[in-house]
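Participant: Return a 3D structure for these sequence lines:
(one chain, ligands or ions: 1)
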Amino acid sequence: MKSLLFALGTALAATLPASAQYTAKEWPEGPMKQRFANTCGGCHDINRLRVGYTPEGWLTVVRMMQNFDTPLPAEEWGPMLDYLIKNFPERARPAAVILDGPAKVNIRIWDVPTQGSRPHDPLAHPRLTVLGVFARIERDSTDEPRVRRRFLARHPKSELYAGFGDFAFWRMQVASAHLNGGFARAADLKAEDVLTDLAGADELIAAEEGAVEHMNTDHAEATRLYAIKLLGEEDGAWRISGLDPDGADLTAGDRTARFAFPQRVASAGALRQMLVELANKARAAS
Ligand code: HEC
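Facilitator: Below is the predicted model of the structure:
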């Protein structure tokens, strides 16, 4: 972990524009310099604003600070805003650092924070950490077309670059996982606890592409009802992006949802029956 942080720190320093390289005592010159140094560190670390903002972003931050009763005379907020916009523009993000070794991936789903929302910290939300090793899926491997199709059905915007020569799919061989559901609600999980068991489901896997297409072409209304009646999602152009023994992945634009089947299905016939039963259930639901 130490070496990762160090590597990121190095990358950060290397990409800073020269104008942003100041220390705490060397704030940029300007009529508001003294006021800034005296006032803006009053409630929090003053260095947090080094990340920089767009002019609109600064306007929002300044309004927030006014709401927090930052002690600044009314007539100085204008010059302060100018000082902040001029000296702390939005900063370029550091380049990615590639490190060798086993991978640890945190998969989290949370509402994208908007400026001013609380809490800011994604770590304050429930999360699942998945540990394992990644292996590249070569273009000419037998798995690649299916992996590509399933991924692009789920992430259609990736079509833009999925054809590039340096684009590749990687499969994570999951070794274990750790669930943190909040205070005193944590559990170590085995790989099989978080993976869908595909044993004996070859027939379903072979039928998946056709079943997805059939549902989206001929039963779009049933899919919409799964989403809004059975899952309580908002109305939208819901479609199925993938099917597996444990359930169905649904998408509507940028929204995604997961429908877990009440019991596992392994054959094409059982899948068809499950989808019909669920459609009847959704229609009956008020
Ligand atoms: C009266 C207390 C107070 C003062 C003084 C103050 N702030 Fe803040 N500031 C806050 C609080 C509270 C937050 C939100 C903290 C959080 O949610 O983590 C915050 C957050 C911020 C953020 C982060 C905003 C975000 O969306 O994450 C920036 C940037 C910031 N302040 C800049 C400033 C500047 C510039 C000044 C001086 C003009 C200033 N602050 C003075 C209370 C203050």
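
Participant: How about the residues of this structure by the ligand?
Facilitator: Counting by CB under 6 Å from any ligand atom, the chain comes close to the ligand at 39-40, 42-44, 48-49, 61, 65, 68-70, 80, 84, 115, 118, 120. Every residue, glycine included, has its C-beta placed from N, CA and C.

Participant: switch to 5 Å and redo it
Facilitator: For the chain, the residues in contact with the ligand (CB under 5 Å from any ligand atom) are Cys40, Gly42, Cys43, Leu49, Val61, Met65, Phe68, Thr70, Gln115.

Participant: Can you flag the buried ones in those residues?
Facilitator: By neighbour count, with 16 or more other CB atoms under 10 Å, the residues of the chain next to the ligand hold Cys40, Leu49, Val61, Met65 as buried.

Participant: from those residues, which is closest to the ligand?
Facilitator: Closest to the ligand out of those is Cys40 (3.0 Å), distances taken as CB to the nearest ligand atom.

Participant: what's the burial count for Ala252?
Facilitator: Around Ala252 there are 19 other residues, counting by other CB atoms under 10 Å.

Participant: How about Tyr53?
Facilitator: Per other CB under 10 Å, the neighbour tally for Tyr53 reads 19.

Participant: Okay, now the unreliable bits of this structure?
Facilitator: For the chain, the stretches with pLDDT under 70 are 1-25, 108-124, 183, 286.

Participant: how's it carved up into domains?
Facilitator: Domain segmentation of the chain under automatic domain parsing yields 4-10+96-110+124-194, 25-87, 202-284.

Participant: deepest of those, which one?
Facilitator: Using mean count of other CB atoms under 10 Å, the stretch among the domains of the chain with the greatest mean number of neighbours is domain 202-284 (a mean of 16).

Participant: how about Ile98, secondary structure?
Facilitator: coil (DSSP: H, G, I helix; E, B strand; the rest coil).

Participant: do you know how far it is from the ligand?
Facilitator: Distance of Ile98 to the ligand, computed by CB to the nearest ligand atom, to the nearest Å: 29 Å.

Participant: Now do the phi/psi pair for that residue.
Facilitator: phi -100, psi 120 (degrees, to the nearest 10).

Participant: again, but for Arg136
Facilitator: Dihedral pair for Arg136: phi -70, psi 140, per degrees, to the nearest 10.
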